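> 3D, please:
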Amino acid sequence: MFNNSSKILFFFILMMSTMIIISSNSWLGAWMGLEINLLSFIPLMSDNNLMSNEASLKYFLTQTLASSILLFSTILFMYQNNFMNQIFINNYINMMILSSLLMKSGTAPFHFWFPNVMEGLNWMNALILMTWQKIGPLMLISYLIIKYMMFWCIFLSIVIGSLGGLNQTSLRKLMTFSSINHLGWMLMSMYSNESLWITYFMFYTFLSFNLIFLFNMFKLFHINQLFSLFFYNKILKFSLFLNLLSLGGLPPFLGFIPKWLTIQYLTFNNQLFMLTIMIIMTLITLFFYLRLCYTTFMLNYFENNWTFNIYWNNTLMNMYLFFSFISSFGLFMISMIYYLI
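Here you go, the predicted structure:
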């Protein structure tokens, strides 16, 4: 990723811009942070090939549209005292601001750009887009929760994120629809508790990093590459699919903890209808993860694999196996620590 010094500079600007968004005390300051964030991420995306250039152009156009709506809404918000019916105008302005932020984060029904952009990126840029680029918009959304609008966006994100991944053969698109589904859960946790979404986001970032670390190392981009991979190393194969099931939120694994907390808060707040839909849609997500794991373990055949001879030293392998151990047995360890304390 960091093949020259300018990319390191843009990466640090990307980090700083998110800090500007978080620490901003006005919508104009937040808009400036989002613009700096956009303009620093685009040079990181372009990887001197046609697909990445196309992805960076799509990302630029959609994010610019969202930024212009946000700036326009902010200017209207400043001049709202000139209007007669302030409450009516104010509701519309809040909806416009929220729509622009939902588009920036890639939440359904504003997710149209997300799968296409992800398909053109390498794994490290995809990880940044799935995790770090969500922090700013989600933080701003948490300041401005419109209940009925958030409810429909959460519902659509969970449904589209679950059903959209059923017919995918590209691992990047699979991770994209998984991200949209998790965004729905994050927004619902934000809806029920102000700080719970941060916990969910931290768990999601760790689990996504754990998977993408291995995908990037072995240059895995499609499901059929998994069939003949790790034929001589079953430990890596098992750890990969345990991490995949952990990301889906299967109960014995670490990924179930944030879902467990969200389910608990939703039960306390009596949001039972939404909770039922979320659990049913998560079962569909787990279905295509399990189908992927089952097929890969069953279709275990020899085939020439061009990406097999890859530099994979002991330090990287030990680090990955350590993270996989935390991902697989983190729930047991946290439960034991909780009961001991």
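
> what packs against the helix or strand of the chain with the lowest mean pLDDT?
In the chain, no helix or strand scores lower on mean pLDDT, DSSP states H and E than helix 224-227, which sits at a mean of 79. Helices and strands touching helix 224-227, by 3 or more C-beta pairs under 8 Å, 6 or more residues apart in numbering; DSSP states H and E, are helix 272-298. (Each C-beta comes from the backbone N, C-alpha and C, glycine too.)

> buried ones in the helix it packs on?
Of all the residues in helix 272-298, those buried under the rule 16 or more other C-beta atoms under 10 Å are 274-275, 278, 281-282, 284-286, 288-290, 292-293, 296.

> also stretch 46-54?
47, 52.

> name the SS class of Asn25, please.
coil (DSSP: H, G, I helix; E, B strand; the rest coil).

> on that earlier part again, can you list the helices and strands that the helix or strand following the least confident helix or strand of the chain packs against?
Later in the chain than helix 224-227, the nearest helix or strand by DSSP states H and E is helix 234-248. Applying 3+ C-beta pairs under 8 Å, 6+ apart, one finds that helix 234-248 contacts helix 196-217, helix 272-298, helix 314-340.

> I'd like these as a markdown table, with distance to Asn49 and mean pLDDT appended.
Formatted as a markdown table, those follow (distance: least, C-beta to C-beta, whole Å; pLDDT from 0 to 100):
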| stretch | distance to Asn49 | mean pLDDT |
| --- | --- | --- |
| helix 196-217 | 16 | 91 |
| helix 272-298 | 27 | 86 |
| helix 314-340 | 25 | 81 |
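
> for the ones you listed, which one sits closest to Ile145?
Each of the helices and strands packed on helix 234-248 has some distance to Ile145 by C-beta to C-beta; the shortest is helix 196-217, at 11.0 Å.

> for the closest one, packing partners?
Taking 3+ C-beta pairs under 8 Å, 6+ apart as the contact cut, helix 196-217 packs with helix 123-130, helix 132-143, helix 171-192, helix 234-248, helix 256-268, helix 314-340.

> Phe203 is nearest to which of the ones you listed?
That would be helix 256-268 among the helices and strands packed on helix 196-217, by C-beta to C-beta, at 4.5 Å.

> and that closest one, average pLDDT?
Averaging pLDDT along helix 256-268 yields 91.

> which parts of that helix are buried?
Quick answer for helix 256-268 (16+ other C-beta under 10 Å): 256-259, 261-263, 265-266.

> what would the buried residues of helix 272-298 look like in CSV with distance to Met217?
Converted to CSV, the buried residues of helix 272-298 look like this (distance: C-beta to C-beta, whole Å):
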residue, distance to Met217
Met274, 38
Leu275, 37
Met278, 33
Met281, 31
Thr282, 28
Ile284, 29
Thr285, 25
Leu286, 25
Phe288, 23
Tyr289, 20
Leu290, 24
Leu292, 19
Cys293, 19
Thr296, 17
